[in-house]
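Asker: The sequence and its predicted three-dimensional model are supplied below.
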Amino acid sequence: MAEIGKDIIKAKLLLESGELVAIPTETVYGLAGNALDPTAVVKIFTVKDRPHFDPLIVHVSSLDQAKNLVESIPEKAIKLAHVFWPGPLTILLKKKAIIPDLVTAGMDTVGIRCPDHTLTQSLLQSLSFPLAAPSANPFGYVSPTQPSHVNDQLGNQINYILDGGVCQVGIESTIIGFENDEAIVFRLGGLSLEAIEKEIGKVAVQLNSSSNPKAPGQLKSHYAPQKKVVIGNLPELVKKYASKKIAVIAFSKKIETINPDHQIVLSQSGSTEEAAQRLFSALRELDKKDFEIILTELVPESGLGKAINDRLHRAAAQ
Ligand code: TXA
Ligand code: MG
């Protein structure tokens, strides 16, 4: 198992010697390595068992550091970075040659993000290079939102997990790119569309799928637990699957027809922010237990609701 601790110097020394370290961010834990060192980047793909066509996000401590890594930054992107960085927004920008092609899967854009977490900010500021970091889970599985999630799955393959507690946002960053000055969101995530549109006006949304080369990681089945996940009207689903060992993830209240111990409520107050924060832990918790099927329901589409529903659909896709 990996060591879990808050030692930034230890994390820094490991990263400087080309090793990987799991790092906390406000969205999910990342599996980090020196983004400018192809050998470290290869290790990331190997540990995650991730196909090389799926590019990595590069984490920086500031917009200034981002400027050294990319050819240019559209005005709308600058505005978004000023307003939302550090925060759960990844911006696709034309890369400089200094970013290895491995990081971007050969594409000419690189995803850049400035994470909002004090430990990881201190770490980034102490390093002379940016950190490539996908979510710290095996490819295709649910992202980790606390150190034990990382340790459960990758603990045998890495030495150190920097312990930043439970992730505050709980789902991955929103990814936005620009084509001829038009903004396009390629992954819904921890920053809502409403918040983005308030700053730069209407944005296009192009989610999915294996057929969308712009976000090759957006496979239909992704963020998926091992157990079968079914989405729908909970009381009806409970009837339909009555002969199975079922567990329920409900949005704001438990249903009366099954054992309350077999149910997790994402947010009693009906907040999509709180539901996002708890979603991946709920999926992991039930996936570990002795159930056959996880039944769940869509949440209201406002705030982070669209991003939550996107993750639920991917978790349910076979
Ligand atoms: O919140 C997050 O973004 C977390 C934390 C650790 O920062 N990271 C994360 O990374 O979710 P990952 O690798 O699990 O997902 C990154 C997604 C992938 O679907 C990938 O295809 C897409 O970002 N991506 C990365 N670079 C891209 C690029 N240049 N063009 C299009 N899509 C890109
Ligand atoms: Mg991921």
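Answerer: That came through fine. Ligands and ions are numbered 1, 2, ... in the order given.
Asker: CA-only coordinates of stretch 174-192, as PDB, when you get a sec.
Answerer: Extracted in PDB, the C-alpha atoms of stretch 174-192 (Å, rounded to 0.1, in the frame of the first residue of the first chain):
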ATOM      1  CA  THR A 174     -15.500  21.200 -16.900                       C
ATOM      2  CA  ILE A 175     -13.500  21.100 -20.100                       C
ATOM      3  CA  ILE A 176     -13.800  24.000 -22.600                       C
ATOM      4  CA  GLY A 177     -12.000  24.700 -25.900                       C
ATOM      5  CA  PHE A 178     -12.200  27.300 -28.600                       C
ATOM      6  CA  GLU A 179     -12.700  27.100 -32.400                       C
ATOM      7  CA  ASN A 180     -12.500  30.400 -34.300                       C
ATOM      8  CA  ASP A 181     -13.200  32.200 -31.100                       C
ATOM      9  CA  GLU A 182     -16.300  30.100 -30.400                       C
ATOM     10  CA  ALA A 183     -16.400  28.400 -27.000                       C
ATOM     11  CA  ILE A 184     -17.200  24.700 -26.900                       C
ATOM     12  CA  VAL A 185     -17.700  22.700 -23.700                       C
ATOM     13  CA  PHE A 186     -16.500  19.100 -24.200                       C
ATOM     14  CA  ARG A 187     -17.000  17.800 -20.700                       C
ATOM     15  CA  LEU A 188     -19.600  18.900 -18.200                       C
ATOM     16  CA  GLY A 189     -18.000  19.100 -14.700                       C
ATOM     17  CA  GLY A 190     -17.500  21.000 -11.500                       C
ATOM     18  CA  LEU A 191     -18.100  24.400 -13.000                       C
ATOM     19  CA  SER A 192     -21.600  24.900 -14.200                       C
END
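Asker: which parts of it are buried?
Answerer: 174-178, 183-192 (16 or more other Cβ atoms under 10 Å). Just so you know, the C-beta spots here come from the backbone N, C-alpha and C atoms, and that holds for glycine as well.
Asker: Can you narrow these down to the ones near ligand 1?
Answerer: When contact is defined as Cβ under 6 Å from any ligand atom, the buried residues of stretch 174-192 meet ligand 1 at Ile175, Phe186.
Asker: what's in contact with the helix or strand harbouring Glu273?
Answerer: Using DSSP states H and E, the element containing Glu273 is helix 272-288. Applying Cβ atoms under 8 Å, 6 or more residues apart in numbering, the set of residues contacting helix 272-288 from outside is 28, 142-146, 149, 166-171, 190, 223, 225-227, 229, 247, 249, 251, 264, 266-267, 294, 299-300, 302-305, 307-308, 311-312, 315.
Asker: for stretch 3-15, same thing?
Answerer: Residues from elsewhere that reach stretch 3-15 (Cβ under 8 Å, 6+ apart): 20-21, 23, 32-34, 40, 119, 122-123, 126-127, 131, 147, 151, 159-164.
Asker: how does it look with 6 Å?
Answerer: Val21, Asn34, Ser122, Leu123, Ser126, Pro147, Tyr160, Ile161, Leu162, Asp163 (Cβ atoms under 6 Å, 6 or more residues apart in numbering).
Asker: Buried subset of those residues as a PyMOL selection?
Answerer: The buried subset of those, as determined by 16+ other Cβ under 10 Å, is captured in PyMOL by this line:
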select buried, resi 21+34+123+147+160+161+162+163
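Asker: can you put the contacts of stretch 3-15 in CSV and add secondary structure and pLDDT?
Answerer: Below are the contacts of stretch 3-15 laid out as CSV (DSSP: H, G, I helix; E, B strand; the rest coil; pLDDT from 0 to 100):
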residue, secondary structure, pLDDT
Val21, strand, 98
Asn34, strand, 98
Ser122, helix, 98
Leu123, helix, 98
Ser126, helix, 98
Pro147, helix, 98
Tyr160, strand, 98
Ile161, strand, 98
Leu162, strand, 98
Asp163, coil, 98
